[in-house]
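*Asks:* Here is my input, please return the structure:
(chains A and B)
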Amino acid sequence: MLSVENLSISFHTDEGRITPVQGVSFSVEAGKTLGLVGESGSGKSISTKALMRLLPGNASLSPETRIAYRARDGKTVEIHKIKPGSSSLRHLRGGEIGMIFQEPMASFSPVYTVGNQMMEAIRLHRNCGKREARELAVEMLDKVGISNPADRVDQYPHEMSGGMRQRAMIALALSAGPALLIADEPTTALDVTIQAQVLDLMRGLQRDLGMAMIFITHDLGVIAQIAHEVAVMYLGTIVERGETRDVIRNPKHPYTQGLLKAIPSLETLHDRLSPVPGDIPSPTERPSGCPFHTRCPDFINGICDVNTPVETSPLPGRSVRCWLHNGADSGRSAA
Amino acid sequence: MTAAENILIEVKDLQVRFPIRKKKLFSSEIKQLRAVDGVSFDIKRGETVGLVGESGSGKTTVGRAILRAIDPSDGEVVFHTNGHDVDIAQAEGEELRKFRQHMNMVFSEGSVNLSSLASDRLRLFRSRMSLVFQDPYSSLNPRMTVRDIIAEPLIASGMMKDRQAIDDRVREIAARCKLNLEHLRRFPHAFSGGQRQRICIARALVSRPDFVVCDESVSALDVSIQAEIVNLLKDLQKEMGVAFLFIAHDLSVVAQMSHRVAVMYVGKFVEYASTEQLFFAPRHPYTHALLSAIPRADPDAEFNPIKLQGEIPNPLDAPSGCRFHSRCPFARERCSQEAPEWREVDIEHFVACHFTEEFDFSRQKGQEPRE
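*Replies:* Numbering: from 1, shown residues only, chains lettered A, B, ... in the order given. Sure thing, here's the model as predicted:
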C-alpha cells in the first residue's frame, strides 16, 4: 500500500548540513500496523512527516528517495514528486493519510470548537452539507467513546481532559476516512489507564475500518500490543525490521537486544537493570560506519567504525543492518 | 535497632489545600482544592518508597510538602534523627534562638516536625533533604558551570565556607555519579539528557542528605539511559544510606527502584505495601486496574486491561465516600456513602477499601531470567 525506499532527509542549519534520516526503507500493507520504535533523535517522527510532506523549509529529500502510495482508486501516487501546495497533496493529507500527533492540545486550534474543526475536515474531503458534516462529527465522537457526543461537539479543546482530547484527535483524523493512519506517539502523554483505553480503541477501529497504521512510539510494550510488524530505528536508520513477535522473541541486532534488556520488567523485581552503555550521539556528530558502534557490546574494531553495514536477512521476513550478520553471509559466500 | 528507631520520616494526616477563587459578578467564592487529603505513612532510613498514581493524583504535592517546598495546611511531618525525641518544632521564640547554634547537633539527636517549622530554621534542615526534578533540561542553570551547580546547596545552606573543602566534596560526589573532572568546568548545555540527570543527582546528594525526593526523575529519559540512572541511584543508596521518595507514573520503573510502594488516587493513598506484595498480591481494585493497564514487551503476554469508566475525577469535586467508587468495577452502595478506613490488612500492608477481603488479585510471579 505504501512503500518507502531510500528515504534520506537532510537539514541545512547554521552548523552545516545534518542528515538525521539516512536510507530508510519500509512498507505498509493494507489493514496492518507497522510499529516504528526508537529513542529520541532516531528520526522516527521526521520520517513519517516526510510521508505527508510536512517537513520544514530547510529540509530536503535526497534524489534517491522514493515514496509510493497506492490510493484507493487504484492509482499510485509518488509522494516525493508532488508539488507542495498542490491539490493532490491536499487530497492526500487527511483524505488518504490521516495523522495523530503526540500533543493533542497543540494540534487543535484553541479558538474553534472541536466540532467546527472536525466539520472543516469532513467538508474538505467529502461532498456534503454542514448539517450532514455535523452529524458525521457527532457519530465519530461517539465511535471513539466520548460520552454525550452531541454536547461535546460544541466544546472547545481546553474544556476536555487529556484522554478525551486525544480521543477527539483520533476522531478528527478518522473523520475523513483515511486508508492509512500515522500515529505519532499518540499515547505517550497519557496515563496508563487512559493509554489502555486508547490502544484498545485504535485496535477496534482498525478492525472495523480496515485501515493501515504506522504507529510511532518509544515503548516496546505498546508495540508488542498493537503492531504486526516492527522497525527499530537508531540515529536515522532502521537497524532491524521484522514481525513484532519474532523481533521481540529473537532480536538479532545488538541495539534491539540491548533495548529489550533495558526495559524494567514487572515479573522480576529487584534485578539489576542492564542499560545500553554510553549516550545517544548528537545528530551533528553522527558516528562513522555503523551508527551504533560507539555503544555496541559486540563492536568489531576496523569494520564497524569504518563501513556502513548493508541490509541482510538472517531469517525469513527479517532484515538487519549489522556486520555480525553480514560477516556470516559473506564468509559463507567466500567459502 | 528496632523498627521504630529505624524510621526517618513520619507523615501523619498530611493535608495540602489550595484555595481556588471563582469570580462571580459581584462576589467571589473561594473553594478549597484538596490536593492531598489526609495521607499518613513512614519512610525508613536508607529505604526507597515509590509513589505512583495518575496525573493529578497529588503525588508531586506530597513530595513537595514533605520538603516544605509547599506549606502543608494540616498534619505533621516528623523528621526523626538519631535517638531522643527533642521536638523543637513546638519550641518558640527565645528557646528556638538558643537552639539555633546547636542546630547541627540537634539534627543528630532529636526529631523535628517539619510541617510547623519556621523558615529560618527550615533552611538548616534543607541540607538534610533534597530533590531531583523530572526535566534535566530546565532544572540546571545554563549560566553556571557544573561545579558551581553541584556546589550550590553547600553554599546556600551555609554548610561549608572553605573553597578547598567545597571543591573536594564536589569532586568526590561527581566521581560517585560517574562524572569526569573535566566535566565540572563545562556548562550544562554541553551534556546529554542522561549526563544532565547525573548532574542533578550529584547536586541533590552533595550535602549528604538523609532523604531525597526524586520526582519523575527518570521519566523524561530514553529507556537505554533510564536503566543506567536507576542503577546509579540504587548504588548511591547502598553507599550513602540515603532514603528516597521515588515519585513516578511508570510502575515498572518504580517496581525496580522501591522497597515499598504507595498508590495514590485523587489526594488519598489507596494502598501501601512492600513492592513484592503490591505488585503480586494487590488488595485494592485501583492498584489491580493500574497493573493490568501496563503493556508488556511480550507478544504472548495476556493484555486485558481492566476498563475503568471515565476519567480521573477533578479534586475540586471529588466523589463522596470512597473516591474510587465512580470508576470502580466492584463499587456498591456503601462505597459512595462512607469513606473507607485506612487499615493494615497484613503486616505493613495498608489498604483503604471496604471490601478488600473479598478480592483476590494475586498473580503468578514470572520466571527469573537465567543468566
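*Asks:* Next one, pLDDT for the most centrally placed residue in chain B please.
*Replies:* Of all residues in chain B, the one closest to the mean position by C-alpha atoms, centre = their mean is B:L245, 3.3 Å from it. Model confidence at B:L245, given as pLDDT, is 93.
*Asks:* Okay, helices next: where are they in the chain?
*Replies:* Unless you meant another one, I'm taking chain A. In chain order, chain A shows helices spanning A:44-51, A:87-91, A:104-107, A:114-125, A:130-143, A:149-152, A:162-175, A:192-209, A:220-226, A:244-249, A:254-262, A:323-334, with DSSP state H as the criterion.
*Asks:* think we crossed wires, I meant chain B
*Replies:* In chain B, helices defined by DSSP H lie at B:59-66, B:93-100, B:103-107, B:119-126, B:146-156, B:163-176, B:193-205, B:223-240, B:251-257, B:275-280, B:285-292, B:333-337, listed in chain order.
*Asks:* Let me know how buried B:S138 is, in neighbour terms.
*Replies:* The burial metric for B:S138, expressed as a neighbour count using other C-beta atoms under 10 Å in any protein chain shown, is 10. Yep, even glycine has a C-beta here, placed from its N, CA and C like the rest.
*Asks:* Kindly apply the preceding question to A:P297 instead.
*Replies:* 9.
*Asks:* before we move on, what about the one 3 residues further on?
*Replies:* For A:I300, the neighbour count with other C-beta under 10 Å is 15.
*Asks:* Equivalent analysis for B:R334, please.
*Replies:* In terms of burial, B:R334 registers 13 neighbours under the definition other C-beta under 10 Å.
*Asks:* Surely it and B:C328 touch.
*Replies:* No - look at B:R334 against B:C328 with C-beta atoms under 8 Å: they stay out of range, at 11.8 Å.
*Asks:* quick one: terminal-to-terminal distance for stretch A:92-101?
*Replies:* Stretch A:92-101 has an end-to-end distance of 17 Å (C-alpha to C-alpha, to the nearest Å).
*Asks:* For the residue of the stretch 1-150 of chain B found nearest chain A, which non-adjacent residue is closest in space?
*Replies:* The stretch 1-150 of chain B approaches chain A most closely through B:E54 (4.0 Å), counting by C-beta to the nearest C-beta. Spatially, and ignoring its direct neighbours in sequence, B:E54 is nearest to A:D191 (4.0 Å; C-beta to C-beta, 6 or more residues apart in numbering or on different chains).
*Asks:* now swap in B:F133 and tell me
*Replies:* On the basis of C-beta to C-beta, 6+ apart, the spatially nearest residue to B:F133 that is not a chain neighbour turns out to be B:S139, at 4.2 Å.
*Asks:* if we can go back for a sec, dump the residue contacts of the residue nearest to the centre of chain B.
*Replies:* Going by C-beta atoms under 8 Å, 6 or more residues apart in numbering or on different chains, B:L245 touches B:43, B:48-49, B:51, B:62-63, B:66, B:211-214.
*Asks:* Could you list the contact residues of the stretch 51-200 of chain B toward chain A?
*Replies:* Applying C-beta under 8 Å from any C-beta of the partner chain, one finds that the stretch 51-200 of chain B approaches chain A through B:54-55, B:192-195.
*Asks:* No more questions from me, cheers.
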